[in-house]
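Student: Predicted model and sequence below, questions to follow.
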Amino acid sequence: MISPVDYKWQNEHLNKVSRTFALSIEYLPTPLEEYTSMQYLLCRIPDTIEDAYHINSEDKIKLLNLYENVLHRGKPETPQEFIDSVEPYYKNTDDWNLVMDTPRLISIFRDYPPTIQTAITPWARELTRGMLEYATRQDDSVGVRIQTADDLEEYCYYVAGTVGHMIIDTLIATKGDGGYNTTDLHSNARNYGIFLQHINIAKDVYDDYESEDSVYIPQDILDSYGVNQDEVTDENNKEKVSNSIEDVLDITETFIHGAEKFLEQIQDIDDESYVGWSIPYVLAVATLRELRTHTGNIASENPVKIEREEVVSIVSALEEGDHAANEIRKIVSKETYHKSEKVTNEV
């Protein structure tokens, strides 16, 4: 366990740079809560660099390479060298304040048990290498441009599927090896992460393009509707872009089964962790419902999101064990949870 002061500092950063994930982590048992918070923060740093509209591709590559070497204990690069290199790009935001606190974050991480460091480091480095790969591919754009459905899956793997792997390895390192089928666990954890990232991408089309110059709707899907990636927020293309997003959501749904299997396996390994990892999954399914219902708003300034009351009711139901995640999924995939006849009849 880290010191209470460091734990408080770590949580303060987490709550500033995350909402849904911070909520999930709150429901994880100790010390898994602490380890998972660290995972998220370590991964948020390269994500912030990769998303930065004001850093050109060549400089992103240098910074991401440097950060990956900082994560590797066998490399000579230090967190302070990373900070010195990244400081010219600093912006006064919560994400960038975390980046500038990399030395303290790494110092806390190095005090974690060796087994936990071993569980987290390879996947955090792989995530960083994935972001590095996409940064090297850019030519006439600052942000990411996804080309095909396979390309989208690969991107989602790097930024979120790796996190699924990290969850599994950290959980096993915490609980001990119980003879689990790790191949199956990792396959489903990968799908869990990709599913959540697909939802994030679908709901943030407008903001990703306007704020980061990134377009995650594959170009080949947009091509089938005669739309260029630089035109995804053009009001004249609203219907065509909506159709493209519907196609992406069809792909998104192919990952639901694996995500649900992941949760079933988590429950078998560590029932105390089940609620924490169920929350983002069920909220993602509810968001998918809203995206399907309001596709016309996705590429506009009016973001698609679920009601605050629904979030509260879902979290409460999971916490109190009123329904398992797969039961709630069946409800929220069709209707708002707290307004569902099935739910209101049970109250």
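Tutor: Received it, and whenever you're ready, just let me know what you need.
Student: Pull the contacting residues for the residue lying closest to residue 279 once chain neighbours are set aside.
Tutor: Of all residues not flanking residue 279 in the chain, residue 24 sits nearest, at 4.6 Å (C-beta to C-beta, 6 or more residues apart in numbering). The C-beta positions use only the backbone N, C-alpha and C, and glycine is treated the same way. With contacts defined as C-beta atoms under 8 Å, 6 or more residues apart in numbering, the neighbours of residue 24 are 276, 277, 279, 280.
Student: does residue 24 belong to a helix or a strand, and which?
Tutor: Take DSSP states H and E as the rule and residue 24 turns out to sit in helix 20-26.
Student: buried set for that helix?
Tutor: 21, 22, 23, 24, 25, 26 (16 or more other C-beta atoms under 10 Å).
Student: Between those residues, which sits nearest residue 212?
Tutor: Nearest to residue 212 among the buried residues of helix 20-26: residue 21, at 19.1 Å, using C-beta to C-beta.
Student: for that closest one, what are its contacts?
Tutor: By C-beta under 8 Å, 6+ apart, the neighbours of residue 21 are 14, 40, 280.
Student: Check residue 215 too.
Tutor: 143, 144, 145, 146, 205, 208, 209, 229, 230, 232 are the contacts of residue 215 under C-beta under 8 Å, 6+ apart.
Student: how about 10 Å then?
Tutor: 141, 143-146, 201, 205, 208-209, 222, 228-233 (C-beta atoms under 10 Å, 6 or more residues apart in numbering).
Student: ranking the residues you listed by neighbours, who comes first?
Tutor: Neighbour counts for those (other C-beta atoms under 10 Å) peak at residue 205, which has 27 neighbours.
Student: pLDDT wise, what is residue 307 at?
Tutor: On the pLDDT scale, residue 307 is placed at 92.
Student: if we can go back for a sec, show me the contacts of residue 215 that map onto strands.
Tutor: Per DSSP state E, strands hold no members of the contacts of residue 215.
Student: In helices, which of these appear?
Tutor: Under the assignment DSSP state H, these contribute 201, 205, 208, 209, 222 to helices.
Student: Render the CA-only coordinates of stretch 114-128 in CSV, please.
Tutor: C-alpha atoms of stretch 114-128 as CSV (Å, rounded to 0.1, in the frame of the first residue of the first chain):
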residue,chain,number,x,y,z
PRO,A,114,7.1,-6.1,-8.2
THR,A,115,4.3,-8.4,-9.3
ILE,A,116,2.0,-5.5,-9.9
GLN,A,117,4.6,-3.5,-11.8
THR,A,118,5.2,-6.5,-14.0
ALA,A,119,1.5,-6.8,-14.6
ILE,A,120,1.1,-3.2,-15.6
THR,A,121,4.3,-2.1,-17.4
PRO,A,122,4.2,-4.3,-20.5
TRP,A,123,0.7,-3.2,-21.4
ALA,A,124,1.2,0.4,-20.6
ARG,A,125,4.2,0.3,-22.9
GLU,A,126,2.3,-1.5,-25.6
LEU,A,127,-0.5,1.1,-25.4
THR,A,128,2.2,3.8,-25.8
